[in-house]
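>>> the following block contains a protein sequence and its predicted model.
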Amino acid sequence: MADEHDIALAVERRRAVRALLSAPLLLATDDDFPLVRRHAEWLKSWFGNFLGYRLVVEAGFARLFKPGLGPGRGRPLLRASGPFTPRMYTYLTLGVAVLLTCPEQVLLSQLIADVRAAAVEAGIALGDAQRPTERRALSAALRQLVSWQALREEQGTVAGYADDDRAEALLTVNRDIVAHLVATPPGRSVTAAEFVGAAAEPGPGGTRHAVRRRLIEQPVVYLDELSAAQRAWLRREQRREERSFLEYAGLQAELRAEGVALLDPDDGLTDVLFPGVGTVAQAALLTITALVEQLRPAPGRLVIGVPVPEHVLDGILADLVDRHARRWAGRYVEDLLLLREAVVALLITMGLLARSAPTVADAESTETIAAERAVDARAARGDSPEGGLVLLAAAARYAASEAVRS
């Protein structure tokens with residue numbers, strides 16, 4: 001009986017860990033919220049020790065504070081019609097600032113006026129409130145706050161403002177949730193770059209927290225993106241980490257010379273499934289398969305990436321459109337550039353392509369690199385023009401045939 005209890009306890013805690021990783025703001029209406037409440041103290045300890053994340057569990061919500069990963073590694077909020085735009089983020093942050101001090105109940109018209117006044121105070125230039133694009137952006141931000149239950153619609157809806165600037169609604173503010181929305185306060189940061197850098201600091205956990213966060217938040221971590229100290233720690237601890245990620249988060253580690261990926265058999269910890277459905281996902285899978293077939297390097301020295309000539313990618317996409325035009329969405333078939341941009345964006349998100357840029361390994365001395373078996377050449381990604389595309393090692397798992405080699 002004791003063994004059965006231990007197994008059941010481990011299963012419950014793993015499910016709670018996964019629920020919080022998937023939804024860092026977990027609401028009382030979510031199925032797994034009672035489980036998180038039940039194991040709150042253990043979860044606070046585990047997230048703090050293993051990842052350096054802070055967890056707050058209240059009667060109506062649980063908030064896992066996940067610091068950023070640094071420049072270029074953020075993931076946008078996603079709506080049914082696409083990702084949040086910069087203007088939507090502007091309104092969202094202004095809205096949060098206003099809701100912290102506004103009355104518990106507020107009219108939509110007053111909230112909008114307060115948001116625009118806060119923008120003036122902060123020196124943020126907003127467009128004409130009558131413009132449809134501005135109304136849609138503000139409406140999207142308010143709908144996001146409603147979905148987080150930071151706002152509750154008592155009468156009317158915030159969605160109506162997108163089409164009618166005279167739309168009205170009575171809203172109730174949940175200040176407890178509002179106060180816990182911002183994961184990293186700006187603090188003393190003067191510029192956006194300073195803020196992004198400060199938010200990504202691993203804190204007292206140092207190297208172990210920095211590497212674990214990258215592993216659990218990114219589709220794949222390549223060794224030339226890690227510092228020498230991080231590579232040394234990962235090489236020393238990788239087997240122990242493999243067991244820990246499997247035991248506590250249900251993630252299976254794939255360890256290779258080029259890097260590490262954590263695979264989720266349930267596909268529950270990602271907001272982007274790959275392979276997936278739809279024109280862009282299908283085109284991306286067929287494109288990456290063709291790129292691997294044409295550009296895969298011969299076995300030998302470590303190769304983390306190879307340059308992708310523009311004509312090769314364009315040729316592949318043109319051929320795919322010719323063959324699948326009847327089944328794919330017309331707007332992509334008629335606009336090859338649009339399809340190219342969407343496919344490249346998806347493959348970069350999945351860690352299968354990258355824009356050529358200096359890596360951490362590039363910045364280190366030749367002596368340091370030579371001393372590292374895992375990264376034995378600063379040209380591990382080939383010689384590609386700045387901003388050009390690089391096909392990365394994890395793409396090999398989508399080869400049409402031939403098993404992926406370590």
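Right, received. Where do you want to start?

>>> check what pLDDT the closest residue to residue 87 other than its chain neighbours gets.
Excluding the flanking residues, the one nearest residue 87 by C-beta to C-beta, 6 or more residues apart in numbering is residue 137, at 4.2 Å. In short, each C-beta sits where N, CA and C put it, glycine included. Listed pLDDT for residue 137 reads 95.

>>> and what of residue 74?
pLDDT, residue 74: 80.

>>> helix, strand or coil for the closest residue to it other than its chain neighbours?
Nearest non-adjacent residue to residue 74, counting by C-beta to C-beta, 6+ apart: residue 68, 6.4 Å away. Under DSSP: H, G, I helix; E, B strand; the rest coil, the three-state class of residue 68 is coil.

>>> in which helix or strand does residue 254 reside?
In this structure, residue 254 is located in strand 252-255 according to DSSP states H and E.

>>> what's the weakest-modelled helix or strand in this protein?
helix 366-370 (a mean of 43; mean pLDDT, DSSP states H and E).

>>> for residue 285, see how far away residue 235 is.
32 Å (C-beta to C-beta, to the nearest Å).

>>> neighbour-wise, which of those two wins?
Using other C-beta atoms under 10 Å as the criterion, residue 235 and residue 285 rank with residue 285 on top: 18 against 14.

>>> pLDDT score assigned to the more buried one?
We have a pLDDT of 96 for residue 285.

>>> how long is stretch 154-163 end to end?
20 Å (C-alpha to C-alpha, to the nearest Å).

>>> any idea of the mean pLDDT in it?
93.

>>> quick one: the strands in this protein, in order.
Assigned strands in the chain, in chain order: 25-27, 54-57, 61-65, 78-79, 82-83, 105-107, 151-155, 170-173, 221-222, 252-255, 259-263, 305-307, 353-355, 389-392 (criterion: DSSP state E).

>>> neighbouring contacts of the fourth one?
With C-beta atoms under 8 Å, 6 or more residues apart in numbering as the contact definition, strand 78-79 has outside contacts at 84, 140, 271.

>>> give me the sheet partners of that strand and which way each runs.
Strand pairing for strand 78-79, using DSSP bridges, gives strand 82-83 (antiparallel).

>>> cool, the last one as well?
Partners of strand 389-392 in the sheet, by DSSP bridges, are strand 305-307 (antiparallel), strand 353-355 (antiparallel).

>>> list the buried residues of the last one.
In other words, strand 353-355. 353-354 (16 or more other C-beta atoms under 10 Å).

>>> who's in contact with that strand?
288, 305, 308, 344, 347-348, 381, 387-392, 395.

>>> filter those residues to the buried ones?
The neighbour-count criterion (16+ other C-beta under 10 Å) marks 288, 305, 308, 344, 347-348, 381, 388-392, 395 among the contacts of strand 353-355 as buried.

>>> the closest residue to residue 238 other than its chain neighbours and residue 151: what is the separation?
Using C-beta to C-beta, 6+ apart and skipping the chain neighbours, the partner closest in space to residue 238 is residue 255 (5.6 Å). For residue 255, the distance to residue 151 equals 45 Å [C-beta to C-beta].

>>> with neighbour numbers in mind, choose between the two.
residue 151 (25 against 14).

>>> touching, that one and residue 174? I think so.
Yes: using C-beta atoms under 8 Å, residue 151 is in contact with residue 174, at 7.3 Å.
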